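Enquirer: Here's a sequence, model it:
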Amino acid sequence: MVHAIGIIPARYASTRLPGKPLVDLGGKSMIQRVVEQARQAQLQRVVVATDDERILEHVRGFGGEAVLTSPEHPSGTDRVFDAYQQLGEAADCIINIQGDEPFIHPAQIDALVALFGAEKPPQLVTLVKPVLSEEELFSPHLPKVVLDTTSHALYFSRHPLPYQRQAEPAQWLAHHRYLRHIGLYAYRPDVLAAITKLSPSWLEQAESLEQLRWLENGYRILTAETELETIGIDTPEDVERARKRLAGSE
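Expert: Next up is the predicted model:
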């Protein structure tokens with residue numbers, strides 16, 4: 001059995017939605033909903049990694065586990081590694097679960113964990129999902145990914161890839177199966193330790209996508225495909241959509 005630990009990075013500060021983890025969604029905070037979803041997956045432990053005492057106390061208040069991490073971390077990956085070090089527990093893989101996706105499916109987490117049961121576990125794993133509309137395809141907020149024949153990522157971009165020279169953009173989806181990236185990551189502990197020591201790369205800075213730093217430095221990112229939709233919360237408008245979805249399902 002794969003020993004997997006789920007860590008949820010949660011910052012209080014947010015440019016578009018301050019205090020985002022504590023936003024109320026149908027009577028529960030967003031972070032509580034993420035924790036409850038993650039606990040349904042095949043994880044031995046689910047821990048919130050936060051830089052804020054308010055989030056720390058809130059999580060402990062509803063019976064969750066949380067650790068306080070440095071406020072200086074430049075990314076969620078660094079925060080996840082900080083938390084893992086504090087836990088003092090060896091794991092086969094560490095899952096970085098986004099703290100702003102209250103509708104994350106346990107099956108999506110399990111799909112990543114399962115890949116670490118291989119005789120030779122992958123370095124890094126992430127999720128991809130088929131692009132279903134032109135709106136998704138051309139949105140710079142939904143990164144796209146191209147894969148090699150072994151389902152490892154070749155490149156991530158906010159631009160649709162590949163560019164189809166022989167077809168008009170409106171016809172691209174009809175001629176090619178595009179994939180977009182879902183920001184759920186799993187790491188081998190030794191790889192997580194190594195990538196947090198890497199300096200920001202040129203491609204990463206150009207696209208504002210951290211995973212390009214790992215590719216530029218020779219790491220291999222295996223992908224698992226999902227058909228399940230997730231909804232990230234980044235703006236007050238997203239909050240209202242999430243509340244309406246919950247009102248219709250609860």
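
Enquirer: hmm, who's touching the lowest-mean-pLDDT helix or strand in the chain?
Expert: When each helix and strand of the chain is scored by mean pLDDT, DSSP states H and E, helix 236-249 comes last, with a mean of 84. Contact partners of helix 236-249, identified using Cβ atoms under 8 Å, 6 or more residues apart in numbering, comprise R16, L17, V23, L25, G26, M30, P102, F103, I231, G232, I233. Quick note: C-beta positions are derived from backbone N, CA and C, even for glycine.

Enquirer: 7 Å instead, please
Expert: L17, V23, L25, G26, P102, I231, I233 (Cβ atoms under 7 Å, 6 or more residues apart in numbering).

Enquirer: Just the closest of those residues to H159, please.
Expert: Nearest to H159 among the contacts of helix 236-249 is I231, at 22.9 Å by Cβ to Cβ.

Enquirer: burial of Q166, as a residue count?
Expert: Neighbour count of Q166, defined by other Cβ atoms under 10 Å: 6.

Enquirer: same deal with L132?
Expert: Neighbours of L132 (other Cβ under 10 Å): 13.

Enquirer: Equivalent analysis for S157, please.
Expert: 18.

Enquirer: for it, what are its contacts?
Expert: S157 is in contact with P143, K144, E207, counting by Cβ under 7 Å, 6+ apart.

Enquirer: who does it bridge with?
Expert: K144 (DSSP bridges).

Enquirer: how near is it to L212?
Expert: 9 Å (Cβ to Cβ, to the nearest Å).

Enquirer: which of the residues in the least confident helix or strand of the chain are buried?
Expert: Neighbour-count burial for helix 236-249 flags D238, V239, A242, L246 (criterion: 16 or more other Cβ atoms under 10 Å).

Enquirer: ok, of the residues you listed, which one's closest to L68?
Expert: V239 (25.6 Å).

Enquirer: quick one on the thing from earlier: identify the farthest-apart pair in the contacts of helix 236-249.
Expert: So, those by Cβ to Cβ: farthest apart are L17 and G26, at 16.9 Å.

Enquirer: Which one of those two is surrounded by more residues?
Expert: Taking neighbours as other Cβ under 10 Å, L17 and G26 compare with L17 leading, 18 against 14.

Enquirer: For the more buried one, give me its contacts.
Expert: If you count contacts by Cβ under 7 Å, 6+ apart, L17 has them with D234, T235, P236.

Enquirer: how close does the last one get to P18?
Expert: To P18, P236 is 11 Å away according to Cβ to Cβ.

Enquirer: follow-up on the earlier one: need the CA coordinates for the least confident helix or strand of the chain. CSV is fine.
Expert: Listed next in CSV are the C-alpha coordinates belonging to helix 236-249 (Å, rounded to 0.1, in the frame of the first residue of the first chain):
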residue,chain,number,x,y,z
PRO,A,236,-15.8,37.1,-5.4
GLU,A,237,-17.7,36.0,-8.5
ASP,A,238,-16.3,32.5,-8.1
VAL,A,239,-17.5,32.4,-4.5
GLU,A,240,-21.0,33.2,-5.7
ARG,A,241,-20.9,30.5,-8.3
ALA,A,242,-19.7,28.0,-5.7
ARG,A,243,-22.5,29.0,-3.3
LYS,A,244,-25.1,28.5,-6.0
ARG,A,245,-23.7,25.1,-6.8
LEU,A,246,-23.8,24.0,-3.2
ALA,A,247,-27.4,25.4,-2.8
GLY,A,248,-28.4,23.1,-5.7
SER,A,249,-26.7,20.0,-4.3
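
Enquirer: of the buried residues of helix 236-249, closest to D78?
Expert: Nearest to D78 out of the buried residues of helix 236-249 is D238 (Cβ to Cβ; 24.9 Å).

Enquirer: ok, I94 touching L192?
Expert: Yes - counting by Cβ atoms under 7 Å, I94 does reach L192; the two are 5.8 Å apart.
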